[in-house]
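**Student:** quick one: sequence plus predicted model below, questions after.
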Amino acid sequence: MADTADTRTPAQIEADIRRRRAVLAETLDEIGVRVHPKTIVGDAKARVVANVDHTLGRAYVRVNHVVSDVKAQFVDAEGAPRLERVVPAALLVVGVVGLLTMTARRRKG
């Protein structure tokens with residue numbers, strides 16, 4: 001068995017106790033800050049903001065990808081419109097707007 005006798009002087013023991021008290025006080029202060037309601041709310045807000053930023057970033061990338069895909073359907077590589085696709089799409093839009101207008105007029109009348 002090892003010798004458990006303490007060979008420190010009383011002054012060394014007192015200094016060790018003061019250091020341990022200081023460390024303990026610092027640890028308790030850190031725990032107090034961590035469990036304080038404002039800290040908890042602040043951490044929760046930061047997590048929500050980070051999640052929203054992440055979600056918005058992903059949504060932006062997806063929307064940008066969809067817009068690029070749609071644009072590629074109506075514009076060629078040089079940037080010129082593809083009339084064989086633009087004209088039918090424009091006619092479809094005009095037809096839908098016309099139908100909506102006629103339906104709205106019938107309901108009023």
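**Tutor:** Nice, thanks for sending it over.

**Student:** next SSE downstream of the lengthiest helix in the chain?
**Tutor:** Looking across the chain with DSSP state H, the single longest helix is helix 37-74. Moving toward the C-terminus from helix 37-74, the next helix or strand (DSSP states H and E) is helix 83-108.

**Student:** what's the angle from that next one to helix 37-74?
**Tutor:** 120 degrees (axes from the mean of the first three to the mean of the last three C-alpha atoms, to 10 degrees).

**Student:** and helix 83-108, what does it pack against?
**Tutor:** Applying 3 or more C-beta pairs under 8 Å, 6 or more residues apart in numbering; DSSP states H and E, we find helix 83-108 packed against helix 37-74. Where you see a C-beta, it was placed from the backbone N, CA and C, and this is true even at glycine.

**Student:** next one: the helix it packs on to chain centre, how far?
**Tutor:** Relative to the chain's own centre, helix 37-74 is displaced by 5 Å; criterion: C-alpha atoms, centre = their mean, to the nearest Å.

**Student:** pLDDT weak spots in this structure?
**Tutor:** Across the chain, the ranges flagged by pLDDT under 70 are 1-5, 109.

**Student:** at 80 what do you get?
**Tutor:** Applying pLDDT under 80 to the chain flags residues 1-6, 109.

**Student:** walk me through the domains of this protein.
**Tutor:** Taking automatic domain parsing as the reference, the chain has its domains at 10-74, 81-109.

**Student:** may I see these arranged in JSON lines, with mean neighbour count as well?
**Tutor:** Formatted as JSON lines, those follow (neighbours: other C-beta atoms under 10 Å):
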{"stretch": "domain 10-74", "mean neighbour count": "10"}
{"stretch": "domain 81-109", "mean neighbour count": "10"}
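
**Student:** all set, thanks.
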